[in-house]
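# what follows is a predicted structure for the sequence shown.
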Amino acid sequence: MNIPTILIVDDEAPARQRLKDLLSDLREQCPHILSGEADNARDALLKVRQMHPDILLLDVQMPETNGIQMAQYLRQHASEYGHPAIIYVTAYDTFAVPAFEVQASDYLVKPVRAARLQDAITRVVQRGLPSASATSELPSEALRKNHFSVPERGRILLVPADDVLYLKADQKYVSLHTAHKSYLLEDSLLSIEAAFSERFVRVHRNALVARTAIAGAERVVQASDTEGGQERVSENWQVIIAGSPERLPVSRRQWPIIKVLVKSEGR
């Protein structure tokens with residue numbers, strides 16, 4: 001299953017929050033990764049270049065550079081930014097024609113309904129996520145997609161992404177784990193998730209696991225005493241990692257995605 005990465009671009013904070021709430025509600029029916037948000041085109045372009053999201057939820061009316069102009073710029077500089085699918089989310093229905101002239105995937109008018117947003121995202125996924133195939137043609141991006149740059153004792157090591165089993169965030173560092181060794185990275189877990197979304201899946205707010213390393217999942221039953229002395233039983237899931245004794249907890253929010261992965265691979 002292809003899980004798209006999404007960047008929200010809107011100059012109004014309430015509008016961005018509305019989209020984040022809708023995406024959160026749709027997480028089970030429409031699995032995705034929210035890469036981040038931007039309140040202007042300049043910031044959005046920086047994040048597109050860094051993260052290469054699959055989908056932009058893009059407003060039209062923004063100060064300085066509007067959404068149509070930003071899309072034109074992206075198309076003209078595709079070798080640098082890739083080819084993210086653009087779903088316009090706007091309060092105006094008068095921009096539909098110029099929006100589709102810059103190859104918009106869809107055009108949603110505010111207030112956006114959850115079902116309409118889900119339908120737009122699903123159609124992009126069914127057509128094939130555009131940014132991954134486009135950016136993989138770039139040498140620098142191909143290198144970044146296939147290796148991690150790891151500082152170690154005054155040198156930089158290139159650790160093949162295929163060797164990485166999982167990554168865990170701990171305070172300001174991220175630990176990268178292979179079958180034989182662990183390293184510390186200065187990158188954020190969010191930026192790693194955006195850059196390597198095809199290889200790794202989030203299992204918890206502080207952990208990513210290689211899709212190919214997921215050997216299954218197991219239920220963990222825990223008993224604890226309440227204040228009244230009664231025993232309370234809770235059930236959680238942990239992901240089994242091939243080549244490692246480590247078991248990582250799966251959050252309730254991420255469990256539907258992990259369950260789909262486990263079932264689809266027959267693990």
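Arrived safely, thanks for sending. Residues are numbered from 1 along each chain as shown.
# excluding covalently adjacent residues, which one is nearest to residue 8?
residue 37 (4.2 Å; C-beta to C-beta, 6 or more residues apart in numbering). Any C-beta I mention is one placed from the backbone N, CA and C, and that applies to glycine too.
# who touches that neighbour in this structure?
By C-beta atoms under 8 Å, 6 or more residues apart in numbering, residue 37 lies in contact with 7-10, 16, 20.
# and which of those is nearest residue 185?
residue 7 (22.1 Å; C-beta to C-beta).
# does the closest one sit in a helix, a strand or a coil?
Three-state call for residue 7 (DSSP: H, G, I helix; E, B strand; the rest coil): strand.
# hmm, it is touching residue 84, no?
Yes. Between residue 7 and residue 84 there is a contact at 7.5 Å, judged by C-beta atoms under 8 Å.
# need the overlap of contacts for those two.
By C-beta under 8 Å, 6+ apart, the residues touching both residue 7 and residue 84 are 48, 53, 55-56.
# without its sequence neighbours, what residue ends up closest to the most centrally placed residue in the chain?
Centroid-nearest residue in the chain: residue 33, 2.9 Å away (criterion: C-alpha atoms, centre = their mean). Excluding its sequence neighbours, the residue lying closest to residue 33 (C-beta to C-beta, 6+ apart) is residue 5, at 4.6 Å.
# how much space between the one you found and residue 47?
11 Å (C-beta to C-beta, to the nearest Å).
# so which of those two has more stuff around it?
residue 5 (23 against 19; other C-beta atoms under 10 Å).
# which pLDDT value belongs to that one?
Residue 5 carries a pLDDT value of 92.
# same thing with the one 4 residues further on?
What the model reports for residue 9 is a pLDDT of 97.
# the residue nearest to the centre of the chain contacts residue 197, correct?
Yes. Counting by C-beta under 8 Å, residue 197 is a contact partner of residue 33 at 5.6 Å.
# list the residues that contact both of those two?
Contacts common to residue 33 and residue 197, judged by C-beta under 8 Å, 6+ apart, are 3, 5.
# of the shared contacts of residue 7 and residue 84, which is the nearest to residue 148?
residue 53 (20.0 Å).
# circling back: the residue nearest to residue 8 and residue 84: what is the separation?
14 Å.
# how about residue 50?
Distance from residue 50 to residue 84, by C-beta to C-beta: 12 Å.
# so which residues of the stretch 1-150 of the chain form strands?
Assigned by DSSP state E, counting those that start in this stretch, the stretch 1-150 of the chain shows strands spanning 5-9, 33-38, 55-58, 85-90, 106-109, 147-152.
# who does the third one touch, helix- and strand-wise?
Translated: strand 55-58. strand 5-9, helix 41-51, helix 67-76, strand 85-90 (3 or more C-beta pairs under 8 Å, 6 or more residues apart in numbering; DSSP states H and E).
# quick one: which of these is nearest residue 217?
strand 5-9 (23.3 Å).
# what does the closest one contact?
16, 19-20, 23, 32-39, 41, 44, 47-48, 51-59, 62, 67, 70, 84, 121, 193-194, 197.
# try 6 Å this time
Strand 5-9 has contacts (C-beta atoms under 6 Å, 6 or more residues apart in numbering) with 16, 19, 32-38, 44, 47, 53-58, 194, 197.
# again with stretch 198-210
Applying C-beta under 6 Å, 6+ apart, the external contacts of stretch 198-210 come out as 132, 161, 164-169, 193, 211, 239, 248-251, 254.
# highest neighbour count among those?
Among the contacts of stretch 198-210, residue 239 has the most neighbours (other C-beta under 10 Å), with 27 neighbours.
# what's the helix or strand containing it packed up against?
Counting by DSSP states H and E, the element that carries residue 239 is strand 231-241. When contacts are defined as 3 or more C-beta pairs under 6 Å, 6 or more residues apart in numbering; DSSP states H and E, strand 231-241 sits against strand 214-225, strand 247-250.
# would you single out the least confident of the ones you listed?
strand 214-225 (a mean of 80).
# tell me the angle of it relative to strand 231-241?
160 degrees (axes from the mean of the first three to the mean of the last three C-alpha atoms, to 10 degrees).
# so what's the residue count around residue 184?
Residue 184: 12 neighbours (other C-beta under 10 Å).
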